[in-house]
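Chemist: A structural model of the following input is requested.
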Amino acid sequence: MTGPSRAEATRARLLEAAVTAFSEKGFHGTTTRDIAGAAGMSPAAVYVHHRSKEELLFLISRAGHQEALDVVRTARASSSDPVEQAAAVGRAFAEFHAHHHTVARILNYELAALSDEHRAEIDELRTGIDRELRDLVRDGVASGAFDIPDPALAATALASMGVDIARWYREDGEWSPTQIGDYYADLALRLVGAR
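Modeler: Now for the predicted structure:
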């Protein structure tokens, strides 16, 4: 079994450097020189492995949104009971945003910098997350497990409270991702009016 090729390893290093640079300076404040320097490479190396700075943002955004969607789907699939699903989704989505707070900030605050084509692909992933949450809440209401007057608004609030963690979470902060996940599992149940 062989590891990643040298080119793949270089691309991965550039992506990691872009995450660091975008999180510190924002997309528009970051230059390709910043990214290359953080990766220990020459600025020309960025263009050898990636078409543009925007492509780096897109690759980061696509991977992060896909992982968030997978987290929600896996949490929903962990049980057939809507109450257990809501707790699992609340916990997993919160922990994802705490563990990946740097990337999550980029995912949520740099969307406007994407090209129309790339933004459309990211919007599909975001719609997938929204659909999963709306289906979860709607199914819980239909089964009588949840008592909530506006299922769509509850699903939006469920997403928002998880996403917002990336804005305030710090690794040296007061709470661990597990503590946050446990608390958000309880908040999710309250938010959907779980019986």
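
Chemist: drop to CA atoms for contacts and neighbour counts, all remaining ones
Modeler: Will do.

Chemist: residues of the host helix or strand of Arg33 that come out buried?
Modeler: With elements delineated by DSSP states H and E, Arg33 resides in helix 32-39, which encompasses its position. When neighbours are counted by 16 or more other C-alpha atoms under 10 Å, the buried residues of helix 32-39 are found to be Thr32, Asp34, Ile35, Ala36, Ala38, Ala39.

Chemist: ok, stretch 101-118 next?
Modeler: His101, Thr102, Val103, Ala104, Arg105, Ile106, Leu107, Glu110, Leu111, Leu114, His118.

Chemist: quick check: nearest residue in space to the last one, chain neighbours excluded?
Modeler: Looking back up the chat, that one is His118. Phe58 (6.4 Å; C-alpha to C-alpha, 6 or more residues apart in numbering).

Chemist: likewise the fourth one?
Modeler: Excluding the flanking residues, the one nearest Ala104 by C-alpha to C-alpha, 6+ apart is Ala166, at 5.8 Å.

Chemist: residues near the one you found, how many?
Modeler: Number of residues near Ala166 (other C-alpha atoms under 10 Å) recorded here: 23.

Chemist: so it is in which element?
Modeler: Using DSSP H and E, Ala166 sits within helix 165-168.

Chemist: cool, Gly90 as well?
Modeler: Taking DSSP H and E as the definition, one finds Gly90 inside helix 82-99.

Chemist: thinking again about what came up before, and the helix holding Arg33, how far out from the chain middle?
Modeler: Between the mean C-alpha location of helix 32-39 and the chain-wide mean there is a distance of 24 Å, by C-alpha atoms, centre = their mean, to the nearest Å.
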